[in-house]
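[1] Show me how the following folds:
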Amino acid sequence: MTTKQLLAALALALCGPAFAAGNHAHEHQPLHGGIVTEVADIDYELVAQPDTLTLHLRDHGKPLALDGASAKLTLLNGSEKTEATLSPAGDGKLQAKGSFKVAPGTKVVALVTVPGKKAANVRFAVK
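    The predicted model follows:
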């Protein structure tokens, strides 16, 4: 490899990640007072309350169509484990009502299934 080729390869290696990051840079702010995690360009916002678990899904800021979608949430509080199944509740959200132990330190693992998309494994930590 010549010096020119080596310098060109080095320049491409250094510039490549900068362009990739520039194409996908956007804010992941909570719009409903919850916790946001991004997986495969989809924002998942968990709003965990003692009587309701709501998962809002957005694709580039727009609510996702969730006909036929579902989510299974596992809440972990120390050694205690609780599960909940969420179903579509309109406006890009999945929801379950019941009695849930949510407190700072609760870990939540969600398996989200949306027709036409690959199932997503999403993790949250309640603060």
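[2] going forward, measure contacts and count neighbours with C-alpha atoms only.
    Will do.
[3] Checking Ala103 next. Helix, strand or coil?
    Following DSSP: H, G, I helix; E, B strand; the rest coil, Ala103 is assigned to coil.
[4] hmm, I was thinking of Asp91
    The three-state assignment at Asp91 reads coil, by three-state DSSP.
[5] Quick check: the gap between it and Val126.
    23 Å (C-alpha to C-alpha, to the nearest Å).
[6] Equivalent analysis for Thr74, please.
    Thr74 is 13 Å from Val126, by C-alpha to C-alpha.
[7] Now do the shared contacts for the two.
    Contact criterion C-alpha atoms under 8 Å, 6 or more residues apart in numbering; residues shared by Thr74 and Val126: Val108.
[8] Which parts of this structure are strands?
    35-39, 42-48, 52-59, 62-63, 70-77, 80-88, 93-97, 107-113, 120-125 (DSSP state E).
[9] Now the second one: buried residues?
    Which is strand 42-48. For strand 42-48, the neighbour count (16 or more other C-alpha atoms under 10 Å) marks 42-48 as buried.
[10] Repeat that for the third one.
    Of the residues in strand 52-59, 53-58 count as buried by neighbour count, 16+ other C-alpha under 10 Å.
[11] partners of it in the sheet?
    strand 42-48 (antiparallel), strand 62-63 (antiparallel), strand 93-97 (antiparallel) (DSSP bridges).
[12] between that strand and strand 35-39, how big is the angle?
    Angle, strand 52-59 to strand 35-39, by axes from the mean of the first three to the mean of the last three C-alpha atoms, to 10 degrees: 40 degrees.
[13] export strand 52-59 as CSV, just CAs?
    Extracted as CSV, the C-alpha positions of strand 52-59 are listed here (Å, rounded to 0.1, in the frame of the first residue of the first chain):
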residue,chain,number,x,y,z
THR,A,52,-51.0,1.6,34.9
LEU,A,53,-48.1,0.6,32.7
THR,A,54,-48.0,2.6,29.4
LEU,A,55,-45.5,2.1,26.6
HIS,A,56,-45.5,4.9,24.0
LEU,A,57,-43.7,4.0,20.6
ARG,A,58,-42.5,6.7,18.2
ASP,A,59,-40.7,6.4,14.9
